[in-house]
Structure formats: C-alpha cells, structure tokens
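K.L.:
Could you look at this predicted model? Sequence included:
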Amino acid sequence: MSERWFFALWPDDAVRDAVAARVPALLSVGARATHPSDLHLTLAFLGPLAPDALACAERAADRIRAAAFDLEIDRVGHFARARVLWCAPASPPEALATLVADLQEQLSTCGLAADPPPYRPHITLARKAAAAPVSEWPTPIPWSVRELVLAAGYGGPRPRYRVRRRWTLV
C-alpha cells in the first residue's frame with residue numbers, strides 16, 4: 001500500500017496518554033481503537049504524493065509562520081456514516097483556523113488541495129464504531145500546541161503512522 005501523506009498536530013506524551021486512557025470507556029462493541037501512538041489531529045490530508053509533490057509540500061510548510069496556541073479536548077462524538085468515534089475541542093481557537101487556512105494557501109502553490117470545507121478538527125479515537133460513544137467526555141484535556149508535523153499513513157499492523165518532519169510554531 002502506498003503512503004498517504006497528511007499535515008497534523010501531534011500530541012505530546014501527556015496529552016496522548018490522557019486521551020488514550022479515556023478511549024476504553026467510550027467504545028461500543030466491535031469498535032477498533034486507534035493505537036495510542038497514532039493519535040493526532042489532521043490539518044490537511046493529501047493522500048499519495050509523488051516525490052516532487054512531497055518536496056513541494058515540505059517547502060510550503062517551511063513558509064508557515066503560525067503562532068503556537070492552546071486548545072482543550074472537551075468533546076466526544078461519532079461520525080455515523082464513516083463509523084468513526086472522535087474527540088475534539090468544542091470551541092477550536094482562532095489560531096487553529098488560521099493555521100489551517102495558511103497551510104491550505106501554501107499547499108495550493110504546489111497544486112495540492114486538502115479535504116473540501118468545512119474543516120472539522122478532531123482526533124480519531126476508533127474506527128468501525130457502529131454507535132455513538134457509550135459515555136460523555138469527562139474533564140477537558142488541555143493541549144499546548146507547539147508544532148506542525150508532516151506524517152504518512154501505512155497499511156498493516158499498528159502503529160500505522162510515521163512522522164517525517166516537524167515544524168515549530170512560533
């Protein structure tokens with residue numbers, strides 16, 4: 001299977017562990033939890049890329065001058081059609097929207113387009129989730145976002161994602 005590229009926010013160990021610890025209580029029967037090391041918040045999914053397009057995407061990210069920001073993971077939900085259980089910030093900060101818009105603008109110079117609007121920030125907690133979460137999200141998890149990453153997804157055994165490069169948010 002070919003690599004599927006995406007830009008994302010990758011949680012630090014404390015945030016990742018806090019999110020992962022809540023997943024078992026939220027799962028419906030048959031749902032497949034995301035491996036804790038694969039938890040991330042996608043900003044722009046690009047799919048398979050030729051080497052020159054990948055290099056252009058990296059140069060596009062080099063031009064991003066976004067500010068670091070804080071957010072809170074305080075909501076859980078379910079995309080019924082995709083059968084995805086997710087968590088997210090109930091009120092995404094403006095800095096997140098600005099980062100996504102800047103990234104999309106820079107990627108457009110490479111002829112690359114992310115998923116069509118509207119952008120819905122979320123962390124996939126489980127796939128094959130036939131039902132909504134079986135409990136509510138307890139207390140918010142604060143996340144101090146300080147970097148942007150370019151990662152690739154692979155098929156096969158878990159973990160399924162590998163970070164290729166990181167950019168510090170200023």
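P.N.:
Received, thanks.

K.L.:
Tell me which residues touch the residue nearest in space to the middle of the chain, please.
P.N.:
Here the mean C-alpha position of the chain is nearest to the C-alpha of residue 41 (CA atoms, centre = their mean), at a distance of 1.8 Å. When contacts are counted by CB atoms under 8 Å, 6 or more residues apart in numbering, residue 41 touches 8-9, 11, 88, 121-123. Quick note: C-beta positions are derived from backbone N, CA and C, even for glycine.

K.L.:
I'd like those residues laid out as TSV, including secondary structure and neighbour count.
P.N.:
Formatted as TSV, these follow (DSSP: H, G, I helix; E, B strand; the rest coil; neighbours: other CB atoms under 10 Å):
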residue	secondary structure	neighbour count
8	strand	19
9	strand	22
11	coil	22
88	strand	19
121	coil	18
122	coil	20
123	strand	24
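
K.L.:
follow-up on the earlier one: give me the pLDDT value at the residue nearest to the centre of the chain.
P.N.:
Listed pLDDT for residue 41 reads 98.

K.L.:
Next: residue 159.
P.N.:
68.

K.L.:
Could you give the separation of stretch 57-76 from the chain centroid?
P.N.:
The chain centroid and the centroid of stretch 57-76 are separated by 10 Å under CA atoms, centre = their mean, to the nearest Å.

K.L.:
Centre of the chain to stretch 139-151, how far?
P.N.:
That offset, for stretch 139-151, works out to 9 Å (CA atoms, centre = their mean).

K.L.:
ditto for stretch 20-32
P.N.:
Offset of stretch 20-32 from its chain centre (CA atoms, centre = their mean): 18 Å.

K.L.:
go on, stretch 88-99?
P.N.:
Worked out by CA atoms, centre = their mean, stretch 88-99 lies 12 Å from the chain centre.
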